[in-house]
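Engineer: Show me the folded form of this:
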Amino acid sequence: MSKTTRATQMLEKAGVAFATVTYDYDPNADRIGMQAAEAIGEEPRRVLKTLMAEVDGRAVCVVVPSDHEVSMKKLAAAFGGKSASMMKPADAERATGYHVGGISPFGQKKLVPTAIEITALDEPHVFINGGQRGLQVRLDPKAARDTLKAVAAPLVA
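Structural biologist: Numbers count the residues shown, from 1 in each chain. Reported below is the predicted structural model:
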């Protein structure tokens with residue numbers, strides 16, 4: 001497995017300190033983020049999942065702890081919208097250039113507005129997908145927010 005992806009290249013170019021962690025990705029897992037947390041031996045609240053959604057028809061990226069679900073109402077509010085829905089997997093892959101299970105908020109094909117769960121900023125470090133299945137990057141959550149120019153907001157149900 002290559003540890004160099006568009007995501008890691010973006011972080012390097014931005015001067016963000018990070019480490020990569022690999023694990024055995026299980027394509028049959030019910031909850032990919034929870035499987036990643038278990039595989040790397042980390043608290044699920046620190047392993048953030050990257051989801052693609054739409055707010056009032058516009059693509060957005062959402063980064064939340066793997067042990068929580070996104071509140072569509074809170075997601076819409078975070079972007080000043082009226083309604084939100086999850087993006088279809090094929091659309092998410094097309095928009096990001098990544099495969100489901102390996103979608104990272106870093107280095108996506110198109111820059112889209114991003115929101116990160118505000119409670120993640122209280123963690124000393126978080127893990128976020130590094131741009132391929134079985135690859136996580138460990139970094140400061142505030143560095144992730146700043147690099148993504150993300151909105152920090154309450155997003156979970």
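
Engineer: quick one, what contacts Val47?
Structural biologist: Residues in contact with Val47, defined by C-beta atoms under 8 Å, 6 or more residues apart in numbering, are Gly33, Met34, Ala36, Ala37, Ile40, Pro65, Ser66, Val126, Phe127, Gln136. C-betas here are computed from N, CA, C, even on glycine.

Engineer: Just put the residues you listed in TSV and tack on secondary structure and neighbour count.
Structural biologist: As requested, these are arranged in TSV below (DSSP: H, G, I helix; E, B strand; the rest coil; neighbours: other C-beta atoms under 10 Å):
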residue	secondary structure	neighbour count
Gly33	helix	22
Met34	helix	15
Ala36	helix	28
Ala37	helix	24
Ile40	helix	15
Pro65	strand	22
Ser66	coil	21
Val126	strand	26
Phe127	strand	27
Gln136	strand	25
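
Engineer: what comes up buried for stretch 104-122?
Structural biologist: By neighbour count on 16 or more other C-beta atoms under 10 Å, the buried set for stretch 104-122 is 104-108, 112-120.

Engineer: Check the average confidence over stretch 89-99, would you?
Structural biologist: Here the mean pLDDT over stretch 89-99 is 96, rounded to a whole number.

Engineer: chain center to it, what's the gap?
Structural biologist: A distance of 13 Å separates the centroid of the chain from that of stretch 89-99, by C-alpha atoms, centre = their mean, to the nearest Å.

Engineer: Surely Ala17 is in contact with Lys142?
Structural biologist: No - between Ala17 and Lys142 there is no contact, the gap being 11.6 Å when judged by C-beta atoms under 8 Å.

Engineer: More neighbours: those two, which one.
Structural biologist: In this comparison of Ala17 against Lys142, neighbours counted by other C-beta atoms under 10 Å, the higher total goes to Lys142 at 15 against 9.
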